[in-house]
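A.B. asks: structure of the sequence below:
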Amino acid sequence: MKKIKFCPQLFFVIVLLASFFTACNNNDNDDSSQTSRMTVRMVDAPGDYDEVNIDVQDIMIKYSDDTNDSEGWVSIVDDDFTPGVYNLLDLTGGVNVLLADELVPSGYLGQIRLVLGENNTLVKDDAVMDLNTPSAMQSGLKLMVNQTLQPGATYEFILDFDVAKSIVSAGGSGMYNLKPVIHVSATATSGVIKGAINPVLEGYQVEVSVPVGDAVITTFAGETGLFQLNGVPAGTYTVTLTPDVASGKTPITITDVVVENGEITDVGSVSFE
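C.D. replies: This next block holds a predicted model:
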């Protein structure tokens, strides 16, 4: 019989690769529940002009609050985003423009940066004038946020552009400078319901659902029994856990589940009879 020679180096490589791919799979699973939805909208406080046109090129965020402006910034616009010029005076009376709507990593969010281009203009008495924009503004106007994003929740950030304070006359030259004054407000617009099935129904799926108005938010419990319903607006709900019919188990309802925007409601451990 031919003997198989044991090779310690090869064994070590195999174990290392197995550990690597296991870690990758675990990270993938974790990422699915460790993101938050973030929308960014721009509105305007009116000024005494005909038009104020702002060239928006990018929206970036920074997770830390360090003072190094050159590092840590991440763009949150996707391929559907088209850089463009927006007339701020169109964004009054409840009108706004959606600049970004993306899933971002949950956790502490330090800053938002509004990156402007060079095509900023002012229209006054039918005369079109260039708005001189400092080079620092073209690299990005830094806006402090200091908000902790909970996994699964949705947050809306409003950039309120104060036109009256942002347009500055350059002495008697007849020219105007753009020195943006923007107020940032953050509102959590949804919360999260999570829990666990214990013991797990081995080999059977369990659907978890909650009615929200005319719609129903659903998910399935994972292999370990954990479940999480994301994007649930504030309110009081009934959560239903429906096991596969083949399991022979009866659905469970959990009543009076209170959800608060920006918060995670944990219904705890749930057991099927």
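
A.B. asks: just list the residues touching the nearest residue to residue 207 once chain neighbours are set aside, thanks.
C.D. replies: With sequence-adjacent residues excluded and distances taken as Cβ to Cβ, 6 or more residues apart in numbering, residue 207 is closest to residue 242, at 4.7 Å. C-beta here means a position set from N, CA and C on the backbone, and glycine is covered the same way. Residue 242 makes contact with 206-209, 251, according to Cβ atoms under 8 Å, 6 or more residues apart in numbering.

A.B. asks: low-confidence stretches in this structure?
C.D. replies: Along the chain, the parts satisfying pLDDT under 70 run over 1-33, 65-70, 135-139.

A.B. asks: about what we covered before: torsion angles phi and psi at the residue nearest to residue 207?
C.D. replies: The phi/psi pair for residue 242 (degrees, to the nearest 10) reads phi -110, psi 110.

A.B. asks: could you report the separation of it from residue 172?
C.D. replies: 74 Å (Cβ to Cβ, to the nearest Å).

A.B. asks: residue 37 too?
C.D. replies: Here residue 37 is placed at a distance of 49 Å from residue 172 (Cβ to Cβ).

A.B. asks: ok, those two, which is more surrounded?
C.D. replies: With neighbours defined as other Cβ atoms under 10 Å, residue 37 and residue 172 compare such that residue 37 has more, 18 against 6.

A.B. asks: doesn't residue 106 make contact with that one?
C.D. replies: No: counting by Cβ atoms under 8 Å, residue 37 does not reach residue 106; the two are 10.1 Å apart.

A.B. asks: residues in contact with the helix or strand containing residue 157: which ones?
C.D. replies: Using DSSP states H and E, residue 157 sits in strand 154-162. For strand 154-162, contacts defined as Cβ under 8 Å, 6+ apart pick out 36-45, 54, 88, 91, 96, 99, 112, 114, 143, 145, 147, 149, 180-190, 231, 262.
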